[in-house]
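Engineer: could you work out the structure for the sequence below:
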Amino acid sequence: MMKAEGLDNIFGRHHRLMTMTRDAIKGLNLPLFAPDHAASPAITAVCPPESIDAEKVRSIMRKQFDIVLAGGQDHLKGKIFRIGHLGFVCDRDILCAIAALETTLQQLTVNS
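Structural biologist: Next up, the predicted model:
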């Protein structure tokens, strides 16, 4: 699959997905953990609203939408969640994850 896509196209897709994810998160008015100049083409770390635990976001995303987000590690556990966009990921995957995230945040805001 990688040979068919070609390395330049793979790197371009990862960059496009990174930009798409970061722009969508900004559109949801959520803070990004890393500034734009340090953004990763592999994963985007997101800070949920202060009133919402990141582990609750991850739990709802997994249970209701079958979407797995990575959590924060060590001192960041419960404080961030991470959206992966490296490897076999396409635009539709990111769009679905963002739509599910928006719905999840609405649920958590209404229920808090």
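
Engineer: the helix or strand that contains Glu102 - contacts with which helices or strands?
Structural biologist: In the assignment (DSSP states H and E), Glu102 maps to helix 91-110. Helix 91-110 makes packing contacts with helix 7-27, helix 54-65, strand 81-84 when contacts are defined by 3 or more C-beta pairs under 8 Å, 6 or more residues apart in numbering; DSSP states H and E. (Glycine included, C-beta is placed from N, CA and C.)

Engineer: return the list of helices and strands in contact with the helix or strand of the chain with the lowest mean pLDDT.
Structural biologist: Within the chain, judged by mean pLDDT, DSSP states H and E, the helix or strand with the poorest mean is helix 2-5; its value is a mean of 93. Packing contacts for helix 2-5, counted by 3+ C-beta pairs under 8 Å, 6+ apart, involve no helix or strand.

Engineer: now do 10 Å
Structural biologist: In terms of contacts (3 or more C-beta pairs under 10 Å, 6 or more residues apart in numbering; DSSP states H and E), helix 2-5 is packed against helix 7-27.

Engineer: would you mark the buried spots in the helix it packs on?
Structural biologist: Neighbour-count burial for helix 7-27, with 16 or more other C-beta atoms under 10 Å as criterion, is recorded at Arg13, His14, Leu17, Met18, Met20, Thr21, Arg22, Ala24, Ile25.

Engineer: can you tell me the average pLDDT over the helix or strand that it is followed by?
Structural biologist: Stepping forward along the backbone from helix 7-27, the first helix or strand reached (DSSP H and E) is strand 43-46. The average pLDDT within strand 43-46 is 98.

Engineer: list of residues touching strand 43-46?
Structural biologist: When contacts are taken as C-beta atoms under 10 Å, 6 or more residues apart in numbering, the neighbours of strand 43-46 outside the stretch itself are 17-22, 24-25, 28, 30-34, 39, 54, 57, 69-70, 72, 76, 79-86, 94, 101.
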